[in-house]
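Q: Structure for this input, please:
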Amino acid sequence: MAIGKDWRIGADALNIILYRRQVNKETGKEYWRAHSYYSTVANALVELVNQGVRGTELADLNTACA
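A: The predicted model follows:
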């Protein structure tokens, strides 16, 4: 399932997998790389929110929502 242009969620038999879009600097080719693994979709979505907050360089979620 795609979430924006840089993230998507997938799954295998044991894990929920959060993927991040990468670009090969030499060839410019895009590919998806596993970023992290979770036991539940909820945990994967929490990490996705955390990555969004880190991407804004804000200190916490409350600041990001203000």
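Q: which intervals of the protein have sub-threshold pLDDT?
A: Within the chain, the stretches with pLDDT under 70 are 53-66.
Q: those helices in the chain, which residues are they?
A: Remark: helices assigned in the chain by DSSP state H are 41-56, 61-65.
Q: OK, contacts around Thr27?
A: Going by CB atoms under 8 Å, 6 or more residues apart in numbering, Thr27 touches no other residue. Where C-beta positions appear, they are placed from N, C-alpha and C, glycine not excepted.
Q: if you skip the residues just before and after it, what's nearest to Arg20?
A: Spatial nearest neighbour of Arg20, chain neighbours left out: His35 (4.4 Å); criterion: CB to CB, 6 or more residues apart in numbering.
Q: beta partners of Pro36?
A: Heads up, residue 36 is Ser, not Pro. Counting by DSSP bridges, Ser36 is bridged to Leu18.
Q: Now that Gly10 has come up, it's in contact with Ile17, right?
A: Yes - the pair formed by Gly10 and Ile17 meets the contact definition of CB atoms under 8 Å, at 4.7 Å.
Q: if you count what's nearby, which of these two comes out ahead?
A: Under the criterion of other CB atoms under 10 Å, the comparison of Gly10 against Ile17 puts Ile17 first, with 17 against 13.
Q: measure that one to Thr27 for me?
A: Here the criterion is CB to CB, to the nearest Å. By it, Ile17 lies 24 Å from Thr27.
Q: OK, contacts around the residue lying closest to Ala44 once chain neighbours are set aside?
A: Excluding its sequence neighbours, the residue lying closest to Ala44 (CB to CB, 6+ apart) is Tyr38, at 4.3 Å. Listed by CB under 8 Å, 6+ apart, the contact set of Tyr38 reads Asn15, Ile16, Ile17, Leu18, Ala44, Glu47.
Q: Distance-wise, check Tyr38 relative to Leu18.
A: Taken as CB to CB, the span from Tyr38 to Leu18 is 7 Å.
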